[in-house]
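Asker: Dropping the sequence and predicted coords here.
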Amino acid sequence: MYVHGRKCWFCGHYGLLKLSDKRVWCGSCRKKYSLQKLKRDLNALYYFYLEVSARKCAKELKIGYNAVSRRYKIFRKAIIEYSEQEFKKLHGKLEADEAYFGGKRKGSRGRGAFNKQPVFGILERNGKVYTAVVEDVSAKTLFEHIKKKTRKGSVFYTDDFRSYKDLKQYGKHNKVLHSKTFGKGHNHINGIEGFWSYAKERFHKYHGIGKKNYLPYIKEMEFRFNNREQDVYPLLIKIIRRFAPKMN
Ligand SMILES: [Zn+2]
């Protein structure tokens, strides 16, 4: 039986057929899905977009926490795939820096801080930020990302951390004090320090993220930060269509 007046959510064509199990089948893109479930998915996506926690979203939508949590995971995975596919090597003036997430707040701070997860970041001035959850902050580890994600001949700005010592093999290298170039005025908001505070502020809202789960969260922050000047909801819909077709 044809479903009248309704376009396929995935491909936009008319011609949905109702199946006996109540799902619909699209004659154009050949996807089978439940409209009811799709509605729930999109409701959850809307709460995700608003940065409402899975727990709160479950309460609001009166559905189980696990069902919401599973959807949020799918959204984050789709964001990662989208970011990987859309990624263009960073170039121009680049700030490289590391930050530490999670762990106990007290105790040693900064590099090598016990029980914290190091994250490496490279930010293109007036451009995007790239993040990587890393095992360690050795030159070898950091340079792997620099090699893969930046164009040769870029101008790097870092502090005087020893791992950046031989950075000049990838471009011009300027050492700067955090407080001078990283920390003030315009650069503070749009520079790498600005990204770290953006990400950390959000990260603290999520309690008890297991270390194994840091990557999807960090990548979500990266995505939100890189698209902070636009309404990200339509973009999220596009991403879900493209990268989470099996959501249903
Ligand atoms: Zn379709």
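Answerer: Looks like it came in fine.

Asker: so what's residue 239 up against?
Answerer: 78-79, 82 (Cβ atoms under 8 Å, 6 or more residues apart in numbering). Every C-beta, even on glycine, is put in place using the N, C-alpha and C of the backbone.

Asker: same thing but 6 Å
Answerer: Residues counted as contacts of residue 239 (Cβ atoms under 6 Å, 6 or more residues apart in numbering) are 78, 82.

Asker: And for residue 65?
Answerer: Contacts of residue 65 (Cβ under 6 Å, 6+ apart): 55, 58.

Asker: same thing but 8 Å
Answerer: 54-55, 58.

Asker: If any of these are buried, put those into a PyMOL selection.
Answerer: Buried members of the contacts of residue 65, defined by 16 or more other Cβ atoms under 10 Å, are picked up in PyMOL with:
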select buried, resi 54+58
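
Asker: among the contacts of residue 65, which are in helices?
Answerer: 54-55, 58 (DSSP state H).

Asker: Give me the contacts around stretch 6-26.
Answerer: For stretch 6-26, the external contacting residues (Cβ under 8 Å, 6+ apart) are 1-3, 5, 27-29, 31-36, 38, 241, 245, 248.

Asker: Can you say which of the residues you listed are buried?
Answerer: Among the contacts of stretch 6-26, those classed as buried by 16+ other Cβ under 10 Å are 3, 31, 33, 35, 38, 248.

Asker: CA atoms only: put the top helix by length along the chain into PDB for me.
Answerer: If you go by DSSP H, the chain has its longest helix at helix 65-86. This file holds the C-alpha atoms of helix 65-86, laid out as PDB (Å, rounded to 0.1, in the frame of the first residue of the first chain):
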ATOM      1  CA  TYR A  65      18.100   5.500  29.000                       C
ATOM      2  CA  ASN A  66      19.800   2.700  27.100                       C
ATOM      3  CA  ALA A  67      17.700   3.500  24.000                       C
ATOM      4  CA  VAL A  68      18.800   7.200  24.100                       C
ATOM      5  CA  SER A  69      22.400   6.300  25.000                       C
ATOM      6  CA  ARG A  70      22.600   3.900  22.000                       C
ATOM      7  CA  ARG A  71      21.300   6.700  19.700                       C
ATOM      8  CA  TYR A  72      23.800   9.200  21.100                       C
ATOM      9  CA  LYS A  73      26.600   6.800  20.400                       C
ATOM     10  CA  ILE A  74      25.400   6.400  16.800                       C
ATOM     11  CA  PHE A  75      25.300  10.200  16.400                       C
ATOM     12  CA  ARG A  76      28.800  10.500  17.700                       C
ATOM     13  CA  LYS A  77      30.100   7.800  15.500                       C
ATOM     14  CA  ALA A  78      28.400   9.400  12.500                       C
ATOM     15  CA  ILE A  79      30.100  12.700  13.400                       C
ATOM     16  CA  ILE A  80      33.500  11.000  13.500                       C
ATOM     17  CA  GLU A  81      32.900   9.500  10.000                       C
ATOM     18  CA  TYR A  82      31.800  12.800   8.700                       C
ATOM     19  CA  SER A  83      34.800  14.600  10.100                       C
ATOM     20  CA  GLU A  84      37.200  12.000   8.700                       C
ATOM     21  CA  GLN A  85      35.700  12.300   5.200                       C
ATOM     22  CA  GLU A  86      35.500  16.100   5.200                       C
END
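
Asker: Before I go, just wanted to say thanks for your time.
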